[in-house]
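Visitor: using only what follows, build the 3D model:
(one chain, ligands or ions: 2)
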Amino acid sequence: MLALRARVPAEDQPKLRCVYAASEVAGFAKTGGLADVAGSLPRALAERGVDCAVFLPLYRSARLHANSLEATGQSFSVRVGAREVAGTLFRSVLPGSQVPVFLIDQPDYFDRDDPTTGKGLYQLTSPDGTKADYPDNCERFVFFSKAILEAIRVLDFWPDVLHVNDWQTGLVPVYLHEVYRQHPKTTFKPKYAAIKTLITIHNLAYQGLFWHFDMPLLGLPWRLFNLDQLEFHGKINFLKAGIVFSDLLTTVSPTYAKEIQTRYYGCGLEGVLLARTSHLTGIVNGVDYAVWDPATDPHLAANYDEHTVMQGKAACKKALQEHFNLAHEPRTPLLGMVSRLADQKGLDLVVAAAKWLLAEDNVQIVILGEGEARYHQMLEKLRQLHPAQVGVAFALDEMLAHQIEAGADAFLMPSQFEPCGLNQMYSLNYGTPPIVRATGGLADTVVDATPENVADDTATGFAFIPYSPEHFHAAVQRALAMYRERPGQWLRVQRAGMRQDWSWNRSAAEYVKLYEKLSTLP
Ligand code: ADP
Ligand code: GLC
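Guide: Numbering: from 1, shown residues only. Ligands and ions are numbered 1, 2, ... in the order given. Got it, this is the predicted structure:
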């Protein structure tokens, strides 16, 4: 028989406490989807009763963009190599919430980003467009990782779960395990020892690789530099370190969780991930509909919903055509893309298929992107060959990203791999059916249209599998044929996508479950 336990009312139960550490957070500093997730998941966790605080570096962009940034008066120092480096803590909140954000100030490391001079969060872009990682990235993120562990002590904010993200915070679980759990002060030692760690892998292609002579900079013993822990083909691998030392792992979609345990997608870490398969969960990211909703989006020429999608999108399309100096042709299909210009995103397929489409068909294409110089060149060449049909913008432009989601008829995302992808979920909500390669989160969130599933309102986009320009081209042609010849079906696909709920309602509860599981681990 079960023992009878006294029931503790939910409101009297101690709250789970979480530190969410990321190298970018929307509203403060952003290069991609990690920022969107870090800016919205902690809020969803807080709404579900988790006592959550977010930590990120105080970059220059964060200093410029953060609302109500205030000094806490708290400071600390950490050892980086042979030096003691000072850090101070600033405080803000996640936009539209009370969730505290602690920004770690270290001007030498973080007060340098400036788009006008090509300085980003992690990279410097030369005048010729080539990009190079900052030579002190290892040092910067060694500092950030240790600073997080110092900050929780000076703030006296001891979490049950330390949730870290990607390589930039991959060393946090290592420092916790190897250094802080042996803290010399007896008051702190058990507090550090009680913390559990979770790492989320947003993208296995970025691992944080540094040469082995940086080991003294990390301040960790050489014994950790071995095949099963920090070493990877002769280098130090921050992401591998996080995978090996975290109590649990997640990645950002169930399909990507499976894929990364294979050779094709594993980027050399498939063996390490396979060894931890029972600790790895795939959870699809959520959309922040406070920011990405065509009914309320302040950046659009017209707001619209599922019922007014045709008129609303027509106005947004006209504005987008004007923005890019394209002919105002309401019925010419307009294909849109917003993307980091990186190998992952399938730009070689886009350029190859675009040449065929533009030669044989009357279509318009608009692309907003920023990234590798060779893709800038390829896209610029395409625009020059077809100036009346192609618009490109090389910038990070939040407002234009929203306008493309709304003004395009279909959204292109033929990624070679895509851990989750947020843009396809945004385009579902904007009535802009995505045309995707069925990989990672794209496979988990877009339903390829067939006559049957269009009829039962479950089709939401168009998908192809083999990574080739021919297969991508065929998927675009299927979409164009429906758009032109069967507008009733097209509208059903648009509306089916708009009705879906990809908010954090689906996924935040899964994180809470993992946090609960972690907090009961010995
Ligand atoms: P990833 O994180 O791999 O770049 P996601 O689809 O998860 O891909 O997220 C990309 C995020 O970055 C989206 O919010 C998207 O709108 C934004 N984004 C990408 N490129 C640009 C750009 N050039 N200008 C503005 N926003 C961009
Ligand atoms: C990465 C991935 C992207 C994912 C994002 C947020 O940048 O490339 O697929 O959506 O992280 O998890």
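Visitor: for the rest of this, base every contact and every neighbour count on C-alpha atoms.
Guide: Noted.
Visitor: SS state for Ile104?
Guide: strand (DSSP: H, G, I helix; E, B strand; the rest coil).
Visitor: neighbours of it, how many?
Guide: By other CA atoms under 10 Å, 23 other residues sit near Ile104.
Visitor: any idea of the pLDDT on it?
Guide: Note for Ile104: predicted pLDDT of 98.
Visitor: can you pull the contacts of it?
Guide: 55-58, 87-90, 144, 147 (CA atoms under 8 Å, 6 or more residues apart in numbering).
Visitor: ligand 1 contacts on the stretch 351-500 of the chain?
Guide: Within the stretch 351-500 of the chain, the positions lying close to ligand 1 (CA under 6 Å from any ligand atom) are 368-370, 395-398, 401, 421-423.
Visitor: widest-spaced pair of those residues?
Guide: Using CA to CA, the two most remote members of those are Ala395 and Gly421, lying 19.3 Å apart.
Visitor: show me which of these two is the more surrounded one.
Guide: Gly421 (23 against 13).
Visitor: can you classify the closest residue to the more buried one other than its chain neighbours as helix, strand or coil?
Guide: Using CA to CA, 6 or more residues apart in numbering and skipping the chain neighbours, the partner closest in space to Gly421 is Gly441 (6.0 Å). At Gly441 the chain is in helix, as set by three-state DSSP.
Visitor: swap in Lys318?
Guide: helix.
Visitor: same deal with the one 10 residues further on?
Guide: With three-state DSSP as the basis, His328 sits in coil.
Visitor: okay, now Ala352: neighbour count?
Guide: Ala352: 16 neighbours (other CA under 10 Å).
Visitor: wait, is Gln416 part of a helix?
Guide: No. Applying three-state DSSP, one finds Gln416 to be coil, outside a helix.
Visitor: picking that back up, just the residues of the stretch 351-500 of the chain next to ligand 1 now: which is nearest ligand 2?
Guide: Nearest to ligand 2 out of those is Gly421 (CA to the nearest ligand atom; 3.4 Å).
Visitor: who's in contact with the closest one?
Guide: Neighbouring residues of Gly421 by CA under 8 Å, 6+ apart: 33, 441-442.
Visitor: gap between it and Leu204?
Guide: Noted for Gly421: a distance of 14 Å to Leu204, by CA to CA, to the nearest Å.
Visitor: what do you get for Ala257?
Guide: 11 Å.
Visitor: which of these two has more neighbours?
Guide: Each of Ala257 and Leu204 has its neighbours counted (other CA under 10 Å); Ala257 has more, 25 against 22.
Visitor: quick one: the more buried one and Thr251 touch, right?
Guide: Yes. Contact criterion CA atoms under 8 Å: Ala257 and Thr251 qualify, at 5.9 Å.
Visitor: overlap of the contact sets of the two?
Guide: The contact lists of Ala257 and Thr251 share 280-282, where a contact means CA under 8 Å, 6+ apart.
Visitor: which of the helices or strands spans Asn285?
Guide: Using DSSP states H and E, Asn285 falls within no helix or strand.
Visitor: what do you get for Lys146?
Guide: Lys146 belongs to helix 137-154, assigned by DSSP H and E.
Visitor: so what are the sheet partners of the helix or strand following that helix and their directions?
Guide: The helix or strand immediately downstream of helix 137-154 is strand 161-165, counting by DSSP H and E. Paired neighbours of strand 161-165 in the sheet (DSSP bridges): strand 17-21 (parallel), strand 196-201 (parallel).
Visitor: compare those and give me the one nearest ligand 1.
Guide: Of the strands paired with strand 161-165, nearest to ligand 1 by CA to the nearest ligand atom is strand 196-201, at 11.5 Å.
Visitor: chain center to that closest one, what's the gap?
Guide: 15 Å (CA atoms, centre = their mean, to the nearest Å).
Visitor: same deal with stretch 162-172?
Guide: Counting by CA atoms, centre = their mean, stretch 162-172 comes out at 14 Å from the chain centroid.
Visitor: what mean pLDDT does that stretch have?
Guide: Per-residue scores along stretch 162-172 average to 98.
Visitor: and the strands in the stretch 151-300 of the chain?
Guide: Along the stretch 151-300 of the chain, the segments classed as strands by DSSP state E, counting those that start in this stretch run 161-165, 196-201, 209-211, 231-232, 235-237, 248-251, 280-282.
Visitor: got these as JSON lines, with distance to ligand 1 and mean neighbour count columns?
Guide: Formatted as JSON lines, the strands of the stretch 151-300 of the chain follow (distance: least, CA to the nearest ligand atom, whole Å; neighbours: other CA atoms under 10 Å):
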{"stretch": "strand 161-165", "distance to ligand 1": "13", "mean neighbour count": "25"}
{"stretch": "strand 196-201", "distance to ligand 1": "11", "mean neighbour count": "26"}
{"stretch": "strand 209-211", "distance to ligand 1": "19", "mean neighbour count": "17"}
{"stretch": "strand 231-232", "distance to ligand 1": "24", "mean neighbour count": "20"}
{"stretch": "strand 235-237", "distance to ligand 1": "20", "mean neighbour count": "23"}
{"stretch": "strand 248-251", "distance to ligand 1": "12", "mean neighbour count": "25"}
{"stretch": "strand 280-282", "distance to ligand 1": "15", "mean neighbour count": "22"}
